[in-house]
Every structure is written in C-alpha cells, then in structure tokens.
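> dropping the sequence and predicted coords here.
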Amino acid sequence: MSRLLTPLKKARGLGSAKEGAQHWWMQRVSAVALVPLTLWAAFSVASMAGKPYEVVLTYFAAPFNVAMFTLFLFTAFYHAVLGLQVVIEDYIHHEGAKVAALIAMKLVMVLLGTVSILAVLRATFGG
C-alpha cells in the first residue's frame, strides 16, 4: 500500500520545511566569519609563543583582542552546534535518542563555550 503514496504524501505531517534554509545560511555565514577570525586567533596565539606570562596577560588586556577572541569563540561554538545538529539529525534515527543527543550536545557546547569565554575574560580582568 505504501508504494502507492507519492513522495509529497509521505512527507506531509513530518514537520515544517521552513527553518532548514535559515540553518543552512547561518552555517555558511558562520563559516565565512570563522575564516578571518581563525586566522587572526592563530597568528595572535603564535605571536605569543615564548613570551613571558605577563606579556600575554597584557596582550589579552587590550579591548580589541578580548573582543576578537570572544567573537572567535562564540562563532566557533555556534558553528559547531549547527554542524553537530545536522550530523545528529541525519544519523540518529530513533526519535528519543535523537532528542536526547541534541539536548546533551547543546548543553555540553554551551558549557564549553561559556567556560572558554570566561577563561578569556578572567585572563583579561585578572582573578
């Protein structure tokens, strides 16, 4: 009997097709934003190699550097969440396991992102 159903009939009721485009665009926008941010972060960290601890802390005290590292971390974790969400949705087929994996992944990523940004802020403001 299911062979008589059209693909459209099979897809009806399986959820909205409206947010997939936004997800796709946000993943591309965050990827493009990560190119210069990653290059900046890599060169900044590399330039600090071998420098004394106080020099590195002074570098992180500059508002521009704090803002750039924070933006890099936020964008990187946001991009990772978008990518992992697609992987989980595509490869976990049991609905309960999928929902649990999505919730766990988002909680872990928020925790890791928050700890990373707080580490940069702590280096900036001391403590």
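Structure received. Numbering: from 1, shown residues only.
> tell me how far V87 lies from A67.
Going from V87 to A67 by C-beta to C-beta, to the nearest Å gives 30 Å. Bear in mind the C-beta positions are built from the backbone N, C-alpha and C, glycine included.
> what's the answer for E89, then?
33 Å.
> ditto for I117
From I117 to A67 the distance is 11 Å (C-beta to C-beta).
> and what of T6?
For T6, the distance to A67 - C-beta to C-beta - is 53 Å.
> kindly report the same for L39.
On the measure of C-beta to C-beta, L39 and A67 end up 16 Å apart.
> go on, V110?
For V110 relative to A67 (C-beta to C-beta), the value is 21 Å.
> show me what contacts I117?
T70, L73, F74 (C-beta atoms under 8 Å, 6 or more residues apart in numbering).
> mind putting these into a markdown table with neighbour count, secondary structure and distance to G50?
What follows is these, written out as a markdown table (neighbours: other C-beta atoms under 10 Å; DSSP: H, G, I helix; E, B strand; the rest coil; distance: C-beta to C-beta, whole Å):
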| residue | neighbour count | secondary structure | distance to G50 |
| --- | --- | --- | --- |
| T70 | 15 | helix | 25 |
| L73 | 20 | helix | 24 |
| F74 | 16 | helix | 28 |
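> shaky segments in the chain?
1-3, 8-18, 127 (pLDDT under 70).
> please compute how far stretch 98-116 lies from its chain's middle.
Mean C-alpha position of stretch 98-116 versus that of the full chain (C-alpha atoms, centre = their mean, to the nearest Å) differs by 10 Å.
> let me fix that, I meant to ask about stretch 97-107.
Put simply, stretch 97-107 sits 15 Å off its chain's centre (C-alpha atoms, centre = their mean).
> just the helices in this protein please.
For the chain, the helices defined by DSSP state H cover 7-11, 20-47, 53-61, 63-91, 95-125.
> please identify the most buried of those.
The highest average neighbour count among the helices of the chain, using mean count of other C-beta atoms under 10 Å, belongs to helix 63-91 at a mean of 16.
> against which helices or strands is that one packed?
Contact partners of helix 63-91 among helices and strands, from 3 or more C-beta pairs under 8 Å, 6 or more residues apart in numbering; DSSP states H and E: helix 20-47, helix 53-61, helix 95-125.
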